[in-house]
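A.B. asks: next come a sequence and a model predicted from it.
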Amino acid sequence: MLISKGTPLVLGLSILLLGLSGCAQTPTISQTDREAYLQQFIGQSSQYIDRNLDLKRLGYQQISEPELSSQQLSYVVERPVTVPLPIAQFPAAGTGTVPVPVTVSPASGYDVNLQCKITFLLKDNIATSVSLSGRTC
(Lines give C-alpha, C1' and ligand atoms only; values in the text may rest on other atoms or scores of the structure.)
Protein backbone atom coordinates (compact mmCIF):
# COMPACT_ATOMS: atom_id res chain seq x y z
CA MET A 1 0.00 0.00 0.00
CA LEU A 2 1.45 3.33 -1.07
CA ILE A 3 0.97 6.17 1.42
CA SER A 4 1.70 9.73 0.39
CA LYS A 5 2.05 12.86 2.51
CA GLY A 6 -1.56 13.86 1.83
CA THR A 7 -3.04 10.52 2.92
CA PRO A 8 -3.64 11.48 6.59
CA LEU A 9 -5.44 14.63 5.46
CA VAL A 10 -7.64 12.74 2.99
CA LEU A 11 -8.35 10.06 5.58
CA GLY A 12 -9.19 12.67 8.21
CA LEU A 13 -11.54 14.54 5.87
CA SER A 14 -13.25 11.30 4.89
CA ILE A 15 -13.88 10.41 8.52
CA LEU A 16 -15.13 13.94 9.23
CA LEU A 17 -17.60 13.83 6.32
CA LEU A 18 -18.89 10.42 7.35
CA GLY A 19 -19.36 11.68 10.89
CA LEU A 20 -21.21 14.79 9.76
CA SER A 21 -23.62 12.83 7.59
CA GLY A 22 -25.05 11.24 10.72
CA CYS A 23 -25.11 14.40 12.84
CA ALA A 24 -28.04 16.27 11.37
CA GLN A 25 -31.20 15.95 13.39
CA THR A 26 -33.87 13.78 11.85
CA PRO A 27 -37.61 14.21 12.07
CA THR A 28 -39.38 12.67 15.02
CA ILE A 29 -41.68 10.70 12.72
CA SER A 30 -40.63 8.07 10.18
CA GLN A 31 -41.33 8.45 6.48
CA THR A 32 -43.85 5.59 6.63
CA ASP A 33 -45.70 7.19 9.56
CA ARG A 34 -45.61 10.59 7.83
CA GLU A 35 -47.14 9.13 4.66
CA ALA A 36 -49.78 7.25 6.68
CA TYR A 37 -50.67 10.43 8.57
CA LEU A 38 -51.12 12.39 5.33
CA GLN A 39 -53.10 9.57 3.67
CA GLN A 40 -55.83 9.88 6.32
CA PHE A 41 -56.81 13.21 4.72
CA ILE A 42 -57.65 11.59 1.36
CA GLY A 43 -61.42 11.83 0.89
CA GLN A 44 -61.68 14.91 3.13
CA SER A 45 -62.56 18.48 2.12
CA SER A 46 -59.92 21.18 1.82
CA GLN A 47 -61.52 22.99 4.78
CA TYR A 48 -61.23 19.85 6.93
CA ILE A 49 -57.58 19.39 5.91
CA ASP A 50 -56.76 23.02 6.66
CA ARG A 51 -58.37 22.80 10.12
CA ASN A 52 -56.91 19.43 11.13
CA LEU A 53 -53.51 19.03 9.46
CA ASP A 54 -50.89 19.19 12.24
CA LEU A 55 -47.62 20.06 10.53
CA LYS A 56 -45.74 20.21 13.85
CA ARG A 57 -46.55 16.54 14.36
CA LEU A 58 -44.63 15.87 11.16
CA GLY A 59 -41.67 17.95 12.34
CA TYR A 60 -42.46 20.85 9.98
CA GLN A 61 -43.13 24.56 10.38
CA GLN A 62 -45.50 26.26 7.95
CA ILE A 63 -43.71 29.22 6.33
CA SER A 64 -46.55 30.65 4.25
CA GLU A 65 -50.31 30.56 3.96
CA PRO A 66 -51.70 27.46 2.22
CA GLU A 67 -52.35 27.88 -1.50
CA LEU A 68 -55.86 26.78 -2.48
CA SER A 69 -57.13 26.42 -6.04
CA SER A 70 -59.94 24.37 -7.53
CA GLN A 71 -57.44 21.58 -8.25
CA GLN A 72 -55.07 21.56 -5.28
CA LEU A 73 -54.28 22.60 -1.72
CA SER A 74 -50.54 23.16 -1.11
CA TYR A 75 -48.45 23.85 1.95
CA VAL A 76 -44.85 25.08 1.83
CA VAL A 77 -43.14 23.95 5.01
CA GLU A 78 -39.64 23.77 6.41
CA ARG A 79 -37.86 21.59 8.88
CA PRO A 80 -35.19 23.31 10.96
CA VAL A 81 -32.06 21.20 11.31
CA THR A 82 -29.02 22.02 13.41
CA VAL A 83 -25.75 20.75 11.96
CA PRO A 84 -23.12 20.58 14.69
CA LEU A 85 -19.66 22.01 14.15
CA PRO A 86 -16.96 19.42 14.82
CA ILE A 87 -14.18 20.83 16.94
CA ALA A 88 -10.92 19.00 17.49
CA GLN A 89 -10.03 19.43 21.14
CA PHE A 90 -6.54 17.96 21.16
CA PRO A 91 -4.31 17.02 18.24
CA ALA A 92 -2.79 13.56 18.19
CA ALA A 93 0.67 13.56 19.72
CA GLY A 94 3.52 13.47 17.26
CA THR A 95 1.48 14.48 14.22
CA GLY A 96 3.01 17.94 13.97
CA THR A 97 -0.37 19.62 14.04
CA VAL A 98 -1.19 22.72 16.00
CA PRO A 99 -4.61 23.18 17.62
CA VAL A 100 -6.60 26.04 16.12
CA PRO A 101 -8.47 28.08 18.72
CA VAL A 102 -12.19 28.20 17.99
CA THR A 103 -14.50 30.64 19.75
CA VAL A 104 -17.67 28.51 19.59
CA SER A 105 -18.63 25.86 22.09
CA PRO A 106 -18.71 22.21 20.99
CA ALA A 107 -22.49 22.19 21.51
CA SER A 108 -23.08 24.89 18.91
CA GLY A 109 -23.61 24.45 15.22
CA TYR A 110 -25.36 26.15 12.38
CA ASP A 111 -29.05 26.04 11.54
CA VAL A 112 -30.44 25.03 8.18
CA ASN A 113 -34.11 25.28 7.24
CA LEU A 114 -34.97 22.55 4.74
CA GLN A 115 -38.08 23.16 2.61
CA CYS A 116 -40.76 20.77 1.45
CA LYS A 117 -44.06 21.19 -0.39
CA ILE A 118 -47.10 19.10 0.55
CA THR A 119 -49.79 19.08 -2.15
CA PHE A 120 -53.28 17.60 -1.93
CA LEU A 121 -54.91 17.16 -5.35
CA LEU A 122 -58.59 18.08 -5.22
CA LYS A 123 -61.66 17.06 -7.20
CA ASP A 124 -64.87 18.90 -6.27
CA ASN A 125 -63.00 20.25 -3.20
CA ILE A 126 -62.24 16.70 -1.94
CA ALA A 127 -58.66 15.42 -1.66
CA THR A 128 -57.97 12.58 -4.09
CA SER A 129 -54.22 12.20 -3.48
CA VAL A 130 -51.29 13.73 -1.64
CA SER A 131 -47.72 14.25 -2.79
CA LEU A 132 -44.55 15.59 -1.25
CA SER A 133 -41.83 17.36 -3.18
CA GLY A 134 -38.47 18.62 -2.05
CA ARG A 135 -35.35 17.00 -0.70
CA THR A 136 -36.52 17.00 2.92
CA CYS A 137 -39.91 15.33 2.61
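C.D. replies: Received it, and whenever you're ready, just let me know what you need.

A.B. asks: what's the local residue count around the closest residue to residue 50 other than its chain neighbours?
C.D. replies: Take residue 50 and drop its neighbours on the chain: the residue closest to it by C-beta to C-beta, 6 or more residues apart in numbering is residue 66, 6.0 Å away. Using the backbone N, CA and C atoms, a C-beta is placed for each residue, glycine as well. Residues within reach of residue 66, counting by other C-beta atoms under 10 Å, total 15.

A.B. asks: with residue 55 instead?
C.D. replies: 15.

A.B. asks: one more: the one 10 residues further on?
C.D. replies: For residue 65, the neighbour count with other C-beta under 10 Å is 9.

A.B. asks: and the helices in this structure?
C.D. replies: Secondary structure of the chain, counting by DSSP state H: helices at 7-21, 31-39, 46-52.

A.B. asks: report the buried residues of the second one.
C.D. replies: The neighbour-count criterion (16 or more other C-beta atoms under 10 Å) identifies 34, 38 as the buried residues of helix 31-39.

A.B. asks: got a list of contacts for it?
C.D. replies: With contact meaning C-beta atoms under 8 Å, 6 or more residues apart in numbering, helix 31-39 is reached by 27, 29, 57-58, 118, 130, 132.
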